[in-house]
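In: I need the structure of the sequence given here:
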Amino acid sequence: MTHPTDLSDREFASFQRLIREAAGISLAPSKKALVAGRLAKRLKHHGIASFSDYHRLLDAQQGERQMAVDLLTTNETYFFREPKHFDFLRQQLLPRHPRERALRVWSAACSTGEEPYSVAMLLADHAGDSAWEILASDISTRVLDKARQAIYALGSVRGLAPEQMRRHCLKGTGSQEGCFAIDPALCRRVSFQQINLNTTLPEVGEFDLILLRNVLIYFEPQTKREVVARLQAKLRRGGHLFVGHSESLNGLADGLVQVVPAVYRKP
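Out: Numbers count the residues shown, from 1 in each chain. Have a look, this model is predicted:
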């Protein structure tokens, strides 16, 4: 019997097509071991002997297909990742935002919630009595469920300063010992929604800031252009789009002006 972690090139190609069709993500050949590792547990769960049989199961079970997409689209994240973006938000965007209008922020690939909660902490500390709201979205229902729970292991406090922990987090006790939770008052300021950026976007209104960080690197050039165009249409005039510091919109977006590296503005 073939061991479930033995993923053939042909089988890998079938999962490459699956994730490209579902999320627009292009899986490089170097991701073959990652795909095998993440999906092997599902083969074991169903008692399936091969990745080919598992792929056929995905055609029959929509819920399992979503599970596979969830497993293959989850990426590393942590609190206050790429601090220069948060400095720009605090020093440049907040002082210039008109106080008569709520500041709207969209974390467009929020993963397990560290990014939108980081923005919420910053706004709670520095926006004064100004109104603000945050939409957080992801294609993965699994990571959205975790983000809504807002409970994290104490070992994942990377990026959080001690004073931020004191102001915005609650240390777990009893069955939750070894974990911390985001303050419920802060959680209420963040709404979560499943959104696939590779399809027509739902009616979510316009935003002053959209964060699309460390996502474009997984897309092919045409998909990058299409995703950026969809998000650009959701930016207010004068609004900003943040991408990852390893990413660039050169040749991908007409109508956006680079302000500083990884920060673009809609004139």
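In: now do the helices in the protein.
Out: Under the criterion DSSP state H, the chain contains helices at 9-23, 32-46, 51-60, 62-73, 83-88, 94-96, 114-126, 141-149, 162-168, 184-187, 221-232.
In: low-confidence stretches in this protein?
Out: In the prediction, the chain carries residues with pLDDT under 70 at positions 1-5, 74-75.
In: outline the domain layout of it.
Out: Each domain of the chain is listed here as a residue range: 9-73, 83-150+183-265, per automatic domain parsing.
In: just how off-centre is the last one within its chain?
Out: When you say that, I think you mean domain 83-150+183-265. Using Cα atoms, centre = their mean, to the nearest Å, we find the averaged C-alpha position of domain 83-150+183-265 to lie 9 Å away from the chain's own average C-alpha position.
In: dump the helices of the chain into JSON lines; add mean neighbour count and distance to Ser156 as well.
Out: The way it works is simple: take the backbone N, C-alpha and C, and place the C-beta from them, glycine included. Formatted as JSON lines, the helices of the chain follow (neighbours: other Cβ atoms under 10 Å; distance: least, Cβ to Cβ, whole Å):
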{"stretch": "helix 9-23", "mean neighbour count": "16", "distance to Ser156": "25"}
{"stretch": "helix 32-46", "mean neighbour count": "16", "distance to Ser156": "19"}
{"stretch": "helix 51-60", "mean neighbour count": "16", "distance to Ser156": "30"}
{"stretch": "helix 62-73", "mean neighbour count": "17", "distance to Ser156": "19"}
{"stretch": "helix 83-88", "mean neighbour count": "16", "distance to Ser156": "17"}
{"stretch": "helix 94-96", "mean neighbour count": "11", "distance to Ser156": "27"}
{"stretch": "helix 114-126", "mean neighbour count": "22", "distance to Ser156": "8"}
{"stretch": "helix 141-149", "mean neighbour count": "17", "distance to Ser156": "11"}
{"stretch": "helix 162-168", "mean neighbour count": "13", "distance to Ser156": "12"}
{"stretch": "helix 184-187", "mean neighbour count": "14", "distance to Ser156": "17"}
{"stretch": "helix 221-232", "mean neighbour count": "17", "distance to Ser156": "28"}
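In: can you check which of the ones you listed gets nearest to His245?
Out: Taking Cβ to Cβ, helix 83-88 is the member of the helices of the chain nearest to His245, at 7.4 Å.
In: check which helices and strands the closest one sits against.
Out: Helix 83-88 sits against helix 114-126, with contacts defined as 3 or more Cβ pairs under 8 Å, 6 or more residues apart in numbering; DSSP states H and E.
In: run the angle between the helix it packs on and helix 141-149 for me.
Out: 30 degrees (axes from the mean of the first three to the mean of the last three Cα atoms, to 10 degrees).
In: what does helix 114-126 contact?
Out: Contacts with helix 114-126, where a contact means Cβ atoms under 8 Å, 6 or more residues apart in numbering, come from 77-81, 86, 89-90, 94, 103, 105, 107, 110, 132, 134, 136, 147, 150, 152, 156, 159, 164, 167-168, 182, 186-187, 189-190, 211, 213.
In: of all the domains of the chain, which one is nearest Ser175?
Out: With Cβ to Cβ, the closest approach to Ser175 among the domains of the chain belongs to domain 83-150+183-265: 13.7 Å.
In: on that earlier part again, to Leu197, which of the helices of the chain lies closest?
Out: Shortest distance between Leu197 and the helices of the chain, using Cβ to Cβ, is found for helix 221-232: 5.0 Å.
In: quick one: list the elements packing against that closest one.
Out: Going by 3+ Cβ pairs under 8 Å, 6+ apart, helix 221-232 lies up against strand 207-212, strand 235-243.
In: so it versus helix 9-23, what angle?
Out: Counting by the same axes, to 10 degrees, helix 221-232 points 20 degrees away from the direction of helix 9-23.
In: just the CA coordinates of helix 221-232, formatted as CSV?
Out: Provided in CSV are the C-alpha atoms of helix 221-232 (Å, rounded to 0.1, in the frame of the first residue of the first chain):
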residue,chain,number,x,y,z
PRO,A,221,0.5,38.0,-12.3
GLN,A,222,-3.0,38.2,-13.9
THR,A,223,-4.7,37.1,-10.7
LYS,A,224,-2.7,39.7,-8.8
ARG,A,225,-4.0,42.4,-11.2
GLU,A,226,-7.6,41.2,-10.8
VAL,A,227,-7.5,41.1,-7.0
VAL,A,228,-5.9,44.5,-6.7
ALA,A,229,-8.4,46.0,-9.1
ARG,A,230,-11.3,44.6,-7.0
LEU,A,231,-9.8,46.0,-3.8
GLN,A,232,-8.9,49.3,-5.3
